[in-house]
Every structure is written in structure tokens, then in C-alpha cells.
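A.B. asks: here are the coordinates; sequence isn't available:
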């Protein structure tokens with residue numbers, strides 16, 4: 001194993017993403033990237049630009065994904081009057097149900113992984129949130145938040 005924490009985190013994330021993709025394909029017939037798109041809409045990405053930012057993707061790539069998910073009946077994308085090309089995104093009942101089932105499934109599997117590894121969920125979540133908060137602060141040009149929480 002490498003002594004590089006950043007490499008280990010990258011490897012962990014990549015493995016978790018592949019496992020999530022496999023699990024969701026097997027149980028729900030959807031890719032992890034499509035699931036994440038729906039998850040982001042459920043968690044506040046109300047229009048395509050916000051969704052692209054949330055997913056870290058280009059707007060054209062996000063627009064294609066929205067089109068696919070809308071054609072599958074998982075979400076709606078309606079133009080917002082007076083807002084140019086801005087589209088309001090909303091999950092359909094089928095999309096909301098899929099996000100709920102998929103979230104429970106993935107969260108349960110991750111809880112099992114934490115239990116098997118002996119890692120405290122509270123500690124892992126606290127440290128992960130601190131790192132994410134710092135990245136957000138760095139992106140927004142805010143001061144160091146590493147002593148927070």
C-alpha cells in the first residue's frame with residue numbers, strides 16, 4: 001500500500017464509485033452517474049446550471065443527461081419563463097422512488113463496510129465533512145475552516 005494519503009483517497013473513491021455502479025445496475029437497472037444526477041436534483045440542484053456545478057460536469061454534458069433521464073420518466077425539465085434557456089428540474093414520482101431506494105441501498109452497504117472495517121461512522125463523517133467544507137471555502141476564497149466543527 002502507498003504512503004500517499006491523496007492516492008489512497010482517490011483509490012477509495014474510485015472503488016466506492018465502481019461498487020455503487022455495480023450495485024445500482026444489479027438492483028435498480030441504473031448507472032451510478034444517472035443515480036447521482038437524480039440524487040443531486042433531490043438535494044437542491046433545481047436547474048441545469050446548478051446541477052452541472054453539483055456534479056462537476058460541463059453544462060452540455062449535464063443537459064444530455066437531463067434529456068436521457070427526462071425521456072425515461074425520472075425527472076422533468078421545464079423552461080422557466082423570462083429566464084432564457086434555464087430549465088427547472090424536478091423528480092417525477094418514479095425518480096423520487098428510485099432515489100429513495102438507491103440511497104437506502106448504498107447507505108446500507110457503506111454502513112456495512114464501516115462496521116467490517118471498524119471505522120466509526122461519526123468520526124468518518126466528521127472528518128469527511130471537514131475536508132469538504134475546506135474545499136468549499138477554498139473554492140469560494142474564504143478563510144481556513146479547518147478548526148471548525
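C.D. replies: Looks like it came in fine. Predicted, not measured: the structure shown is a model, and the values here were computed from it.
A.B. asks: Tell me who's in contact with residue 66.
C.D. replies: Going by CB atoms under 8 Å, 6 or more residues apart in numbering, residue 66 touches 37, 48, 51, 75, 77, 87, 89. Placement of C-beta: from N, CA and C, glycine included.
A.B. asks: so how many other residues sit close to the last one?
C.D. replies: Close neighbours of residue 89, defined as other CB atoms under 10 Å, add up to 24.
A.B. asks: again with the fourth one
C.D. replies: When neighbours are counted by other CB under 10 Å, residue 75 registers 24.
A.B. asks: Can you say which helix or strand has the residue in the chain sticking out farthest from the centre in it?
C.D. replies: Distance from the C-alpha centroid of the chain, by CA atoms, centre = their mean, peaks at residue 82 (29.5 Å). Counting by DSSP states H and E, there is no helix or strand that carries residue 82.
A.B. asks: How much space separates it from residue 22?
C.D. replies: In this view, residue 82 and residue 22 are 44 Å apart by CB to CB, to the nearest Å.
A.B. asks: Which pLDDT value goes with residue 3?
C.D. replies: The score at residue 3 is 84. That number is its pLDDT.
A.B. asks: For residue 74, give me its contacts.
C.D. replies: Going by CB under 8 Å, 6+ apart, residue 74 touches 34, 38, 91, 92, 94, 95, 98.
A.B. asks: What sits closest to it if chain neighbours are left out?
C.D. replies: residue 95 (3.7 Å; CB to CB, 6 or more residues apart in numbering).
A.B. asks: The one you found contacts residue 69, doesn't it?
C.D. replies: Yes - between residue 95 and residue 69 there is a contact under CB atoms under 8 Å: 7.2 Å.
A.B. asks: Low-confidence ranges, the chain, go.
C.D. replies: For the chain, the stretches with pLDDT under 70 are 1-2, 83, 142-149.
A.B. asks: What segments of it are strands?
C.D. replies: With DSSP state E as the criterion, the chain has strands at 75-79, 87-91.
A.B. asks: Mean neighbour count, those strands: which tops it?
C.D. replies: strand 87-91 (a mean of 18; mean count of other CB atoms under 10 Å).
A.B. asks: what packs against that one?
C.D. replies: On a contact count with 3 or more CB pairs under 8 Å, 6 or more residues apart in numbering; DSSP states H and E, strand 87-91 meets helix 32-42, helix 48-55, strand 75-79.
A.B. asks: okay if I get these as TSV plus distance to residue 26?
C.D. replies: Shown next, in TSV, are these (distance: least, CB to CB, whole Å):
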stretch	distance to residue 26
helix 32-42	12
helix 48-55	23
strand 75-79	23
